[in-house]
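I need the structure of the sequence given here:
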Amino acid sequence: MPVVDWAVAGGLAALTVWSRLPFRARLLPTWDAVQFALALTDYDVVRHQPHPPGYILFVAAGRILAYVVGDGLGALTLLSVLTSAVAVGLLYHLAWRLYDRPTAVLAALVLLTSPLFWFHGVMPLSYTAEAALATAVASLSWALRDGRRWLLAVSALVLGLGGGVRQSILVVLFPLWLGAVWASSRRWASVLGALALLGGAVLVWLVPMLWLAGGIQRYVDAGLELYASTVRATTVLDPSGHWRRNAVGVGEALLVGLGFFLPLLLWTVSRHLWCRGLRFGPRGWLFIGWILPPLGVYTLVHLGQHGYLLTVLPACAILGAPAMVGATGDRRHAGDRRAGRARRLLRVRPADRRGLSAGLGALGGVARSTGTGALPIHPLGSHRGGAA
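Numbering: from 1, shown residues only. You can find the predicted model right below:
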């Protein structure tokens, strides 16, 4: 990516920080936020500090910032602000690689100004961190197409360690990552090696988290208790049918997150399906792997908060941006074409000028032969009285 684009990405990230800092939360707005704040001083998953599955690396990052700023709430909100900026910068980079500079700028601005993204960017919660990690995993998955084998290790480490921030990212983005790994190598040895690195990265945070929870059994029991009390009723397997509320929540989150951009996104998807059916190129499969598995989990299993959709919001911003950029370009080119036609109509060729001069000369000769001496020419807007 050229230096100017690095500068633009950095400027948009800085704008994200500048626009969020004045609006950081001064109180703990949700029970999850209270749990994160308690975990900064006393990490205990069994007592829901925080609730399962644990978010141990997010809490660790919050503790480090708490030592710097001296305030747990301030540390968690600052972490949300910083990860928002990282998400915007990574989004610009990925959109530039996928399309071009105008698309990257537009996609980054859509994410930066999204009400849903902005709201969670000033809250002491982990959703903007997940947006940044999801964009990083998608960027590395796309970069694997270049054939650089060391990226297999980097992508496995990012996904594995990202699971320590929000464990759900391992579930919803694993299909995207695994498909990219297989497509880049087509060798079982490479795939198994990447899976081994992924497992090692997961163990880096899973082992300490199990130890802090008091062992595997206590951790599993805490997770099952949370599932029975909160998650089971929202799954498609529950006879109550409450999973339909998940579907409504997904629609609400997309509407709040994208606003006027949502119809454009839907038009882009429907136009592709109408024109090309189910034929997708590499970019299409990237968006499918990034968007559909999370939406499936959030719809059919559990949607705790609208912030869950920040996993796919960056993908939606990139996917809809080219249509708007193309429409703007088409209008500009249409204007250029109309101006060109007008210039061609007004342009007089040399042969036409010679014919016009000859015609005017003949007309003057006729006027002189009739004794008028000249044709009457009146200034524009003047009128003479009497009948013609």
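
ok, which stretches of the stretch 1-150 of the chain are helices?
Along the stretch 1-150 of the chain, the segments classed as helices by DSSP state H, counting those that start in this stretch run 3-20, 31-39, 56-69, 72-98, 101-113, 115-120, 127-143, 150-165.

and the angle for the third one with helix 150-165?
Computed with axes from the mean of the first three to the mean of the last three Cα atoms, to 10 degrees, the direction of helix 56-69 lies at 80 degrees from that of helix 150-165.

the inter-axis angle of helix 56-69 versus helix 31-39?
70 degrees.

buried residues in helix 56-69?
Buried positions in helix 56-69, judged by neighbour count with 16 or more other Cβ atoms under 10 Å: I56, L57, F58, V59, A60, A61, G62, L65, A66. Where C-beta positions appear, they are placed from N, C-alpha and C, glycine not excepted.

quick one: average pLDDT of that helix?
Averaging pLDDT along helix 56-69 gives 94.

quick one: which helix or strand includes the most centrally placed residue in the chain?
For the chain, the residue sitting closest to the mean C-alpha position, by Cα atoms, centre = their mean, is P314 at 1.6 Å. Assessed by DSSP states H and E, P314 sits inside helix 313-346.

Please identify the nearest residue in space to L254, excluding sequence neighbours.
L262 (5.8 Å; Cβ to Cβ, 6 or more residues apart in numbering).

Show the pLDDT at the one you found.
Taking L262 on its own, its pLDDT is 86.

Give the helix, strand or coil label for it.
Under the three-state scheme (DSSP: H, G, I helix; E, B strand; the rest coil), L262 adopts helix.

so how many other residues sit close to R166?
23 (other Cβ atoms under 10 Å).

Check which residues of stretch 228-238 are buried.
Buried residues in stretch 228-238 (16+ other Cβ under 10 Å): R232, A233, T234.

would JSON lines of these with distance to R148, pLDDT and secondary structure be doable?
Putting these into JSON lines (distance: Cβ to Cβ, whole Å; pLDDT from 0 to 100; DSSP: H, G, I helix; E, B strand; the rest coil) gives the following:
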{"residue": "R232", "distance to R148": "43", "pLDDT": "88", "secondary structure": "helix"}
{"residue": "A233", "distance to R148": "46", "pLDDT": "87", "secondary structure": "helix"}
{"residue": "T234", "distance to R148": "41", "pLDDT": "88", "secondary structure": "helix"}
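
Make JSON lines from these and add distance to F36 to it.
Shown next, in JSON lines, are those (distance: Cβ to Cβ, whole Å):
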{"residue": "R232", "distance to F36": "24"}
{"residue": "A233", "distance to F36": "24"}
{"residue": "T234", "distance to F36": "22"}
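
Looking at these, which is nearest R24?
T234 (30.5 Å; Cβ to Cβ).

Where does the prediction get shaky in this protein?
Applying pLDDT under 70 to the chain picks out residues 327-388.

contacting residues for I169?
By Cβ atoms under 8 Å, 6 or more residues apart in numbering, the contact set of I169 is E130, L133, A134, V137, L159, G162, G163, T311.

Contacts only, for the residue nearest to the centre of the chain.
With Cβ under 8 Å, 6+ apart, P314 has these contacts: A87, L90, L91, L94, A107, L111, A131, A134, T135, A138.

try 7 Å this time
Applying Cβ atoms under 7 Å, 6 or more residues apart in numbering, we find P314 in contact with A87, L91, L111, A131, A134, T135.
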